[in-house]
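Chemist: Sequence plus predicted model, see below.
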Amino acid sequence: MSEVKARQLAIDTRLKLGLHSTEHFDVYRAVSPLGITCIKRPLESSISGATLKTNGVKVILVNSSKTLGHQNFTVAHEIYHCLYDENLISRACKTESFDRVSDSEQVADLFATHVLMPEDAIFNQLRLRKKLDVKLTLADIINLEQFFGVSRKAMCWRLEDLKLITREESDKYCVNVIQSARSLGKNTDLYMPTNDEAIISDYAEKASDALEKNLITESRYEEILADADLLEKVTGIATEADVVD
(Lines give C-alpha, C1' and ligand atoms only; values in the text may rest on other atoms or scores of the structure.)
Protein backbone atom coordinates (compact mmCIF):
# COMPACT_ATOMS: atom_id res chain seq x y z
CA MET A 1 0.00 0.00 0.00
CA SER A 2 2.84 2.42 0.81
CA GLU A 3 4.34 1.92 -2.65
CA VAL A 4 1.02 2.57 -4.39
CA LYS A 5 0.33 5.64 -2.25
CA ALA A 6 3.80 7.11 -2.76
CA ARG A 7 3.73 6.55 -6.51
CA GLN A 8 0.32 8.20 -6.91
CA LEU A 9 1.31 11.20 -4.79
CA ALA A 10 4.48 11.57 -6.84
CA ILE A 11 2.44 11.52 -10.06
CA ASP A 12 0.02 14.08 -8.62
CA THR A 13 2.88 16.35 -7.58
CA ARG A 14 4.50 16.24 -11.00
CA LEU A 15 1.15 17.00 -12.62
CA LYS A 16 0.70 20.05 -10.36
CA LEU A 17 3.96 21.35 -11.77
CA GLY A 18 3.04 20.51 -15.37
CA LEU A 19 5.79 17.92 -15.70
CA HIS A 20 5.60 15.01 -18.10
CA SER A 21 6.47 11.60 -16.68
CA THR A 22 9.75 11.54 -18.64
CA GLU A 23 10.96 15.01 -17.59
CA HIS A 24 13.62 15.85 -15.04
CA PHE A 25 12.25 16.99 -11.65
CA ASP A 26 14.22 20.04 -10.47
CA VAL A 27 13.62 20.10 -6.72
CA TYR A 28 14.62 23.73 -6.28
CA ARG A 29 12.33 24.94 -9.04
CA ALA A 30 9.53 22.89 -7.53
CA VAL A 31 9.49 24.16 -3.96
CA SER A 32 8.17 27.70 -4.51
CA PRO A 33 5.26 26.70 -6.81
CA LEU A 34 4.35 24.11 -4.18
CA GLY A 35 4.23 26.81 -1.49
CA ILE A 36 7.36 25.64 0.30
CA THR A 37 10.33 27.63 1.58
CA CYS A 38 13.65 25.80 1.26
CA ILE A 39 16.62 26.78 3.42
CA LYS A 40 20.05 25.37 2.64
CA ARG A 41 22.95 25.55 5.08
CA PRO A 42 25.78 23.29 6.21
CA LEU A 43 25.14 21.56 9.53
CA GLU A 44 27.41 19.65 11.86
CA SER A 45 24.47 17.37 12.62
CA SER A 46 24.29 14.04 10.81
CA ILE A 47 20.69 14.65 9.75
CA SER A 48 19.94 15.23 6.07
CA GLY A 49 17.08 17.67 6.45
CA ALA A 50 14.12 18.84 8.48
CA THR A 51 10.55 19.98 7.93
CA LEU A 52 8.57 22.53 9.88
CA LYS A 53 4.91 23.42 9.29
CA THR A 54 3.35 26.23 11.29
CA ASN A 55 0.73 28.93 10.70
CA GLY A 56 0.27 27.76 7.14
CA VAL A 57 3.99 28.12 6.40
CA LYS A 58 5.92 25.12 5.12
CA VAL A 59 9.70 25.14 5.55
CA ILE A 60 12.36 22.64 4.55
CA LEU A 61 15.90 22.76 5.87
CA VAL A 62 18.56 20.93 3.85
CA ASN A 63 21.98 20.04 5.18
CA SER A 64 24.31 21.32 2.45
CA SER A 65 27.30 19.52 3.97
CA LYS A 66 25.87 16.42 2.27
CA THR A 67 26.56 15.73 -1.40
CA LEU A 68 24.42 17.52 -4.00
CA GLY A 69 22.79 14.26 -5.09
CA HIS A 70 21.93 13.45 -1.47
CA GLN A 71 20.52 16.97 -1.01
CA ASN A 72 18.24 16.58 -4.04
CA PHE A 73 16.80 13.38 -2.61
CA THR A 74 16.39 15.08 0.77
CA VAL A 75 14.37 17.95 -0.70
CA ALA A 76 12.07 15.49 -2.49
CA HIS A 77 11.70 13.47 0.71
CA GLU A 78 10.84 16.59 2.73
CA ILE A 79 8.35 17.75 0.07
CA TYR A 80 6.32 14.68 0.98
CA HIS A 81 6.35 15.65 4.67
CA CYS A 82 5.35 19.23 3.81
CA LEU A 83 2.49 18.38 1.49
CA TYR A 84 1.14 15.03 2.55
CA ASP A 85 2.27 14.09 6.08
CA GLU A 86 -0.90 14.92 8.01
CA ASN A 87 -0.62 16.33 11.53
CA LEU A 88 3.14 16.77 11.18
CA ILE A 89 4.54 19.85 12.91
CA SER A 90 8.24 19.16 12.67
CA ARG A 91 10.57 16.31 11.83
CA ALA A 92 14.30 15.82 11.35
CA CYS A 93 15.21 13.14 8.83
CA LYS A 94 18.05 11.02 7.60
CA THR A 95 17.43 10.20 3.93
CA GLU A 96 18.83 7.66 1.49
CA SER A 97 19.18 5.09 4.28
CA PHE A 98 16.45 2.92 2.72
CA ASP A 99 16.09 1.08 6.01
CA ARG A 100 12.40 2.01 6.39
CA VAL A 101 12.56 3.41 9.93
CA SER A 102 8.85 4.24 10.15
CA ASP A 103 5.77 4.17 7.94
CA SER A 104 6.00 7.91 7.36
CA GLU A 105 9.69 7.77 6.49
CA GLN A 106 9.11 4.78 4.25
CA VAL A 107 6.46 6.59 2.24
CA ALA A 108 8.60 9.76 2.10
CA ASP A 109 11.55 7.79 0.69
CA LEU A 110 9.31 6.04 -1.82
CA PHE A 111 7.72 9.35 -2.80
CA ALA A 112 11.16 10.88 -3.39
CA THR A 113 12.16 7.87 -5.48
CA HIS A 114 9.07 8.07 -7.70
CA VAL A 115 9.00 11.85 -8.05
CA LEU A 116 12.71 12.03 -8.95
CA MET A 117 13.08 8.80 -10.93
CA PRO A 118 9.76 7.78 -12.52
CA GLU A 119 9.80 4.44 -14.26
CA ASP A 120 8.73 6.09 -17.53
CA ALA A 121 11.65 8.49 -17.38
CA ILE A 122 14.18 5.74 -16.68
CA PHE A 123 13.03 3.61 -19.58
CA ASN A 124 12.87 6.65 -21.85
CA GLN A 125 16.49 7.46 -21.07
CA LEU A 126 17.48 3.86 -21.73
CA ARG A 127 15.55 3.95 -25.00
CA LEU A 128 17.42 7.09 -26.07
CA ARG A 129 20.68 5.30 -25.30
CA LYS A 130 19.44 2.21 -27.16
CA LYS A 131 19.83 0.18 -23.99
CA LEU A 132 16.37 -1.30 -23.62
CA ASP A 133 16.50 -5.05 -22.93
CA VAL A 134 20.29 -4.85 -22.72
CA LYS A 135 22.44 -5.48 -19.66
CA LEU A 136 23.25 -2.12 -18.09
CA THR A 137 26.83 -0.99 -17.72
CA LEU A 138 28.39 1.40 -15.23
CA ALA A 139 28.35 4.07 -17.95
CA ASP A 140 24.57 3.66 -18.27
CA ILE A 141 24.10 4.10 -14.53
CA ILE A 142 26.32 7.19 -14.43
CA ASN A 143 24.36 8.76 -17.27
CA LEU A 144 21.09 8.02 -15.48
CA GLU A 145 22.20 9.46 -12.14
CA GLN A 146 23.49 12.57 -13.90
CA PHE A 147 20.17 13.07 -15.69
CA PHE A 148 18.07 12.58 -12.56
CA GLY A 149 20.47 14.43 -10.25
CA VAL A 150 20.68 11.69 -7.64
CA SER A 151 23.42 9.80 -5.85
CA ARG A 152 24.85 6.54 -7.11
CA LYS A 153 23.27 4.71 -4.18
CA ALA A 154 19.80 6.12 -4.90
CA MET A 155 20.11 5.34 -8.61
CA CYS A 156 21.29 1.78 -8.04
CA TRP A 157 18.58 1.18 -5.45
CA ARG A 158 15.96 2.32 -7.99
CA LEU A 159 17.39 0.16 -10.78
CA GLU A 160 17.58 -2.80 -8.46
CA ASP A 161 13.94 -2.23 -7.50
CA LEU A 162 13.01 -2.25 -11.22
CA LYS A 163 15.05 -5.45 -11.62
CA LEU A 164 17.37 -3.80 -14.12
CA ILE A 165 20.43 -4.66 -12.05
CA THR A 166 21.11 -7.19 -9.30
CA ARG A 167 22.10 -6.54 -5.69
CA GLU A 168 25.60 -7.78 -6.49
CA GLU A 169 25.89 -5.33 -9.40
CA SER A 170 24.56 -2.53 -7.21
CA ASP A 171 27.23 -3.22 -4.58
CA LYS A 172 29.92 -3.33 -7.28
CA TYR A 173 28.89 -0.02 -8.86
CA CYS A 174 28.55 1.90 -5.57
CA VAL A 175 32.31 2.21 -5.03
CA ASN A 176 34.82 4.72 -6.41
CA VAL A 177 31.86 6.88 -7.41
CA ILE A 178 33.72 10.12 -8.13
CA GLN A 179 36.58 8.40 -9.93
CA SER A 180 34.23 6.42 -12.17
CA ALA A 181 32.22 9.52 -13.12
CA ARG A 182 35.39 11.50 -13.80
CA SER A 183 36.73 8.70 -16.02
CA LEU A 184 33.75 9.28 -18.32
CA GLY A 185 34.35 13.00 -18.43
CA LYS A 186 31.34 13.80 -16.24
CA ASN A 187 31.03 16.79 -13.94
CA THR A 188 31.53 15.54 -10.38
CA ASP A 189 29.62 18.29 -8.54
CA LEU A 190 26.76 15.85 -8.00
CA TYR A 191 28.97 13.77 -5.71
CA MET A 192 30.36 16.65 -3.63
CA PRO A 193 29.02 18.65 -0.67
CA THR A 194 28.02 22.18 -1.65
CA ASN A 195 28.23 23.78 1.82
CA ASP A 196 26.20 26.71 0.50
CA GLU A 197 23.67 28.88 2.30
CA ALA A 198 20.51 29.93 0.48
CA ILE A 199 16.84 30.62 1.01
CA ILE A 200 14.58 29.59 -1.86
CA SER A 201 11.12 31.09 -1.38
CA ASP A 202 8.53 33.45 -2.82
CA TYR A 203 6.82 33.76 0.57
CA ALA A 204 7.89 37.37 1.26
CA GLU A 205 7.19 38.31 -2.36
CA LYS A 206 3.62 37.02 -2.12
CA ALA A 207 3.10 38.85 1.17
CA SER A 208 4.30 42.11 -0.39
CA ASP A 209 2.01 41.60 -3.38
CA ALA A 210 -0.94 40.91 -1.07
CA LEU A 211 -0.20 44.11 0.85
CA GLU A 212 -0.05 46.18 -2.33
CA LYS A 213 -3.42 44.78 -3.40
CA ASN A 214 -4.89 45.52 0.03
CA LEU A 215 -5.55 41.83 0.60
CA ILE A 216 -3.83 41.96 3.98
CA THR A 217 -3.25 44.70 6.52
CA GLU A 218 0.08 46.27 7.36
CA SER A 219 0.07 44.52 10.73
CA ARG A 220 -0.60 41.16 9.10
CA TYR A 221 2.23 41.83 6.65
CA GLU A 222 4.56 42.50 9.56
CA GLU A 223 3.41 39.28 11.22
CA ILE A 224 4.24 37.36 8.06
CA LEU A 225 7.69 38.88 7.85
CA ALA A 226 8.20 37.98 11.50
CA ASP A 227 8.03 34.36 10.42
CA ALA A 228 11.65 34.83 9.38
CA ASP A 229 12.48 33.33 12.78
CA LEU A 230 11.43 30.02 11.23
CA LEU A 231 15.06 29.71 10.18
CA GLU A 232 16.15 29.56 13.79
CA LYS A 233 13.33 27.16 14.67
CA VAL A 234 14.19 24.74 11.89
CA THR A 235 17.89 25.01 12.60
CA GLY A 236 17.14 24.10 16.21
CA ILE A 237 15.28 21.01 15.07
CA ALA A 238 18.20 19.98 12.90
CA THR A 239 21.00 20.57 15.36
CA GLU A 240 19.21 18.96 18.27
CA ALA A 241 17.99 15.82 16.48
CA ASP A 242 20.34 13.29 14.93
CA VAL A 243 17.71 10.64 14.24
CA VAL A 244 14.10 10.53 13.17
CA ASP A 245 11.67 10.28 16.08
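Modeler: Received, thanks.

Chemist: could you give the mean pLDDT of the helix or strand hosting residue 73?
Modeler: Using DSSP states H and E, residue 73 sits within helix 68-84. The pLDDT scores in helix 68-84 average 96.

Chemist: For that helix, enumerate the helices and strands it packs against.
Modeler: Under the contact criterion of 3 or more Cβ pairs under 8 Å, 6 or more residues apart in numbering; DSSP states H and E, helix 68-84 touches helix 2-16, helix 27-30, strand 36-41, strand 49-54, strand 57-63, strand 90-93, helix 103-116, helix 152-161. Glycine gets a C-beta too; all of them are placed from N, C-alpha and C.

Chemist: pLDDT averaged over the fifth one - what is it?
Modeler: Here strand 57-63 scores 89 as its mean pLDDT.

Chemist: Give me the buried positions along that strand.
Modeler: 57, 58, 59, 60, 61, 62, 63 (16 or more other Cβ atoms under 10 Å).

Chemist: Same list (these) but as TSV, adding distance to residue 153.
Modeler: Formatted as TSV, the buried residues of strand 57-63 follow (distance: Cβ to Cβ, whole Å):
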residue	distance to residue 153
57	32
58	27
59	27
60	21
61	22
62	18
63	16
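
Chemist: and these, which two are the farthest apart?
Modeler: Maximum pairwise distance among the buried residues of strand 57-63 (Cβ to Cβ): 20.3 Å, between 57 and 63.

Chemist: if we can go back for a sec, out of the buried residues of strand 57-63, the closest to residue 114 would be?
Modeler: Set against residue 114, the nearest of the buried residues of strand 57-63 by Cβ to Cβ is residue 60 (18.3 Å).

Chemist: Against residue 70, how distant is the closest residue to that closest one other than its chain neighbours?
Modeler: In space, and not counting its chain neighbours, residue 60 is closest to residue 78: 4.3 Å by Cβ to Cβ, 6 or more residues apart in numbering. In this view, residue 78 and residue 70 are 12 Å apart by Cβ to Cβ, to the nearest Å.

Chemist: try residue 188
Modeler: 14 Å.

Chemist: between the two, who's got more neighbours?
Modeler: residue 70 (23 against 14; other Cβ atoms under 10 Å).

Chemist: how does the protein divide into domains?
Modeler: Domains of the chain are assigned by automatic domain parsing as 2-117+192-240, 119-190.

Chemist: okay, those, which one's buried deepest?
Modeler: Mean neighbour count (mean count of other Cβ atoms under 10 Å) peaks for domain 2-117+192-240 among the domains of the chain, with a mean of 18.

Chemist: shouldn't residue 124 be in contact with residue 24?
Modeler: No: at 11.0 Å, residue 124 does not count as touching residue 24 under the criterion of Cβ atoms under 8 Å.

Chemist: before we move on, the earlier item: between the buried residues of strand 57-63, which is nearest residue 193?
Modeler: Scanning those for proximity to residue 193, where the rule is Cβ to Cβ, the winner is residue 63, at 9.0 Å.

Chemist: does the nearest residue to that closest one once chain neighbours are set aside belong to a helix or a strand, and which?
Modeler: Spatial nearest neighbour of residue 63, chain neighbours left out: residue 43 (4.5 Å); criterion: Cβ to Cβ, 6+ apart. Following DSSP H and E, there is no helix or strand that holds residue 43.
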